[in-house]
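> here's my sequence, what's the structure:
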Amino acid sequence: MTDRIFNVAKKEFVQLRRDPKFLRMIIFSPLVQLIIFGYVATLDVKEIPLAVCDQSRSTESREIVEKFTANEYFLLKGYIANVSKCDDLLDRDIADAVLVIPPDFARDLKKGKTAHLQMLVNGVNSNNASIAVNYASTIILSYSGKILMDKIGRAGGRGFSELVTSRDRVWFNPELKSINYMVPGIIALILMVMLVPMTAMSIVREKETGTIEQLNITPLTPLELIIGKIIPFIIIGFIDIALVTFLGLILFGIVMKGSLLLLYFLSVFFIVGSLMLGILISTISDNMTQAFMGSLFFLVPNMLLSGFIFPISSMPEILQWFTYLIPMRYFLVIIRSIFLKGSGLFELLPETAGLVAFSLIVLTLSAIFVVRKNKSA
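This is a model prediction of the structure:
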């Protein structure tokens, strides 16, 4: 049995070596994808174009504008004299936010009244709009607290201290950089995007060339054929993990807090599950086009429902249950926990069990389909 599996794996390596374009794709494609995803797929919103309509023209209004522009969240694009021009700025995408300071802003502050500001935000991108509103609310709240403390100090309350204070501490990602969260997820995405279509089309190519019939008349069992087929791609998966992880650490400055050996060990289950999915697609496909479209059919749900982009907790309940069928859901938790938390095997046992169960189910289905194909042939 071992010799038969080894011979199938050897044949796969020979085919890969004869296709230099394929080898270049294996090496360079993951690196290019990581660079693109790493710089593009970020949740950080910075330098939001800001316009200011300052009708107060006072020291207080200039001070609040400085609060907005003294950080990396807003980028001042200029001032406008009339509120009626706000719509034009937002409509032409010159600014994504407009801060309107009314004429009585400074006067209300001096009288101890509540001073009002207006923030107009472009809501085409709802995520960016909500983040901009949150940024503005935080800045205004901080400015309001400063004014209150100044008044208390002038009133003689020098020994006054706040009754409630908050000392925030963020664990695992103190700088709140989304790149630290996204790059490990990108590694999982690249593995699935590379391995599933690669495996599916590799086997379908043998169907089209007729070599699959030669394998069917050999003493190989369906399980031996599948294992021999996936061994080279497991090695390719390990190479891609090493390349992408190294580039992520060097290029993006990501710090891996957990064990690299544990990452490789648990990656085996995800790689095997992805390859089994490719095998299953190949058994129900008759040509390369069907294999490619079948791969897309499985890749898109894995990307959208795994938590890679959208939090699973915010999805409808029925979709949350459906995500348990998605292998990438489990691996994302594993790889992000190893990178950011330094988690060990014990903490990741539930996700590991999910990947093992998925791999066994898809392996069984693939073997059943292979047997039926052979009998029908």
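> in the host helix or strand of residue 367, what's buried?
Residue 367 is part of helix 349-376 when elements are defined by DSSP states H and E. For helix 349-376, the buried set under the neighbour-count rule, 16 or more other Cβ atoms under 10 Å, comprises 351-352, 354-355, 358-359, 362-363, 365-367, 369-370. Bear in mind the C-beta positions are built from the backbone N, C-alpha and C, glycine included.
> got a pLDDT number for residue 308?
According to the predicted model, the pLDDT of residue 308 comes to 87.
> so it, which of the three states?
Using DSSP: H, G, I helix; E, B strand; the rest coil, the three-state assignment for residue 308 comes out as coil.
> ok, it to residue 258 distance?
Taking Cβ to Cβ, to the nearest Å as the measure, residue 308 and residue 258 are separated by 19 Å.
> kindly indicate which of the buried residues of helix 349-376 lies nearest residue 11.
The shortest approach to residue 11 among the buried residues of helix 349-376 belongs to residue 370, at 16.9 Å (Cβ to Cβ).
> who are the neighbours in contact with residue 191?
Residue 191 is in contact with 237, 240-241, 267, 270-271, 274, counting by Cβ atoms under 8 Å, 6 or more residues apart in numbering.
> tell me which helix or strand residue 72 sits in.
Under DSSP H and E, no helix or strand contains residue 72.
> how about it: what's its closest non-neighbour residue?
Distances taken as Cβ to Cβ, 6 or more residues apart in numbering place residue 46 nearest to residue 72, at 5.0 Å, with adjacent residues excluded.
> sec struct for that neighbour, please.
Here residue 46 is recorded as coil under three-state DSSP.
> that one contacts residue 96, doesn't it?
No. Between residue 46 and residue 96 there is no contact, the gap being 11.8 Å when judged by Cβ atoms under 8 Å.
> okay, these two: which has more neighbours?
For the pair residue 46 and residue 96, the greater number of neighbours falls to residue 96 (25 against 12), based on other Cβ atoms under 10 Å.
> for residue 179, see how far away the more buried one is.
Taking Cβ to Cβ as the measure, residue 96 falls 22 Å from residue 179.
> low pLDDT regions in the stretch 201-350 of the chain?
Applying pLDDT under 70 to the stretch 201-350 of the chain picks out residues 210-218, 222.
> quick one, helices of it?
Counting by DSSP state H, counting those that start in this stretch, the stretch 201-350 of the chain forms helices over residues 211-216, 222-251, 260-283, 288-305, 317-322, 327-336, 349-376, given from the N-terminal end onward.
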